[in-house]
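>>> The following comprises the amino acid sequence and a computationally predicted model.
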Amino acid sequence: MKERMEVNEIKEVKEVKEKIGGIGAFFDLDGTLVALPSLERRFIRILRYRREIPAKNLFLWLGEALRLMPRGIGAILQANKMYLRGVQILDERGERDGDVCSWHKDGHQAKGQASAHRSERARCHPRLPVPRFYAQAIERVAWHARQGHEIVLLSGTLEPLARAAAQAMAVGLGLLGVTVKTRVCATRLEEIDGKWTGRISGEALFGEAKVRAAKRLAEELQLDLQRCYAYGDSLNDRWLLAAVGNPAAVNPLIDLASLARTRGWPVLHWERKENPTQRRRGHREMAERNAHSRVLA
């Protein structure tokens, strides 16, 4: 009898949880968790420095921009990845499948080949941008993890960059004694023969696409969006913020700050110590994103 009562109690608790739904925290990356400039912009700089972006990709990008123009400036900026056409695929570790470096079969290098190998290894394994997290951002993620909330990175950046950021964030959380599984939803690229085609696989995760992704995850994980949290910094995040019960504008751009005041959303200001060069770069990108935000409005 006692065992049957315990089974019934467990069943009732499970049914209540399923009915109420769990809680998730959806985080944008660039400008929200990670200091500007954006991971993708920094990634482009790395590829350009390494001369891995063919010159013809500029014309391909312009052609795709013309095709996307009817969808607005947001689509041109977020869904046009033609600059990556023909670039070899990198995973979240910055490595490529099938990398072959100049090692002999016995695992040793010939004399005089060390510097050549280092150069080849650098070519084989280009580094991805290292995320520069706000300290308050890591603390906020840690707080959600301790509450048992699902942690989701929901970003329009490229999936390998988002996954690399999730790994770096796990290190920061580990220093706080927190271990949590982070789910990543980011923009995926079409791949053919080990190279990117420059076209999006599925849809670019910006604007209302973020809400669709959040709703899919909420259904999969049995989350109650009215109990969930969302954090974003630009007007592109307004649909996601409006879809949850606990939105917050983080370091908001001009238009999002105005909208947050109108709707009574909390505004958070997260800071990170940066050197003057980083600050100038961040301010320059902030000004550019404000201009884009005004166009989108």
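On my side now, so go ahead.
>>> Could you pull out the helices in the protein for me?
2-20, 39-49, 56-68, 73-78, 114-124, 135-146, 159-175, 208-221, 238-243, 254-263, 276-296 (DSSP state H).
>>> How far does the second one sit from its chain's centre?
Between the mean C-alpha location of helix 39-49 and the chain-wide mean there is a distance of 15 Å, by CA atoms, centre = their mean, to the nearest Å.
>>> Could you count how many residues lie near Arg146?
12 (other CB atoms under 10 Å). For the C-beta atoms, the positions are set from N, CA and C on the backbone; glycine is no exception.
>>> Please apply the same query to the one 3 residues further on.
When counting by other CB under 10 Å, one arrives at 19 neighbours for His149.
>>> One more: Phe59?
Neighbours around Phe59, by other CB under 10 Å: 11.
>>> residues touching it, list them.
Applying CB atoms under 8 Å, 6 or more residues apart in numbering to Phe59 gives no contacts.
>>> Around the closest residue to Ala65 other than its chain neighbours, count how many other residues there are.
Counting by CB to CB, 6 or more residues apart in numbering, Ala65 lies nearest to Ile76, which is 4.8 Å off, once chain neighbours are set aside. Ile76: 17 surrounding residues under other CB under 10 Å.
>>> Ile76 reaches Leu68, doesn't it?
Yes - between Ile76 and Leu68 there is a contact under CB atoms under 8 Å: 5.0 Å.
>>> quick one: low-confidence parts of the stretch 101-250 of the chain?
Residues of the stretch 101-250 of the chain meeting the criterion pLDDT under 70: 101-127.
>>> Need phi/psi at Thr179.
phi -120, psi 120 (degrees, to the nearest 10).
>>> ok, Leu176 - contacts?
Contact analysis of Leu176 by CB under 8 Å, 6+ apart lists Ile138, Glu139, Ala142.
>>> which one of those sits closest to Gln226?
Ala142 (23.6 Å; CB to CB).
>>> and the closest one, how many neighbours?
Residues lying near Ala142 (other CB under 10 Å) number 20.
>>> Among the contacts of Leu176, which one lies nearest to His269?
Glu139 (13.7 Å).
>>> Spatially nearest residue to that closest one (excluding sequence neighbours)?
Leaving out its chain neighbours, the residue that sits closest to Glu139 by CB to CB, 6+ apart is Leu176, at 7.4 Å.
>>> what's the answer for Phe43, then?
Using CB to CB, 6+ apart, the closest residue to Phe43 is Pro129 (5.4 Å).
>>> Likewise for Asn57?
Nearest to Asn57 is Tyr83, by CB to CB, 6+ apart, at 5.0 Å.
>>> Same question for Ile138.
Nearest to Ile138 is Gly172, by CB to CB, 6+ apart, at 4.5 Å.
>>> same thing with Gly245?
Closest residue to Gly245 apart from its sequence neighbours, by CB to CB, 6+ apart: Gln226 at 4.0 Å.
>>> show me what contacts Lys195?
Gly86, Val87, Gln88, Ile89 are the contacts of Lys195 under CB under 8 Å, 6+ apart.
>>> For the first one, give me its contacts.
Each residue near Gly86 by CB under 8 Å, 6+ apart is listed here: Pro54, Asn57, Lys195, Trp196, Gly198.
>>> Could you check how far it is from Lys195?
6 Å (CB to CB, to the nearest Å).
>>> neighbours of the residue lying closest to Gly232 once chain neighbours are set aside, just the number please.
Leaving aside its chain neighbours, Gly232 sits nearest to Asp28 (4.3 Å; criterion: CB to CB, 6+ apart). Counted with other CB under 10 Å, residues neighbouring Asp28 total 26.
>>> got the contact list for Asp28?
Leu154, Ser155, Tyr231, Gly232, Asp233, Ser234, Asp237, Leu240, Val250.
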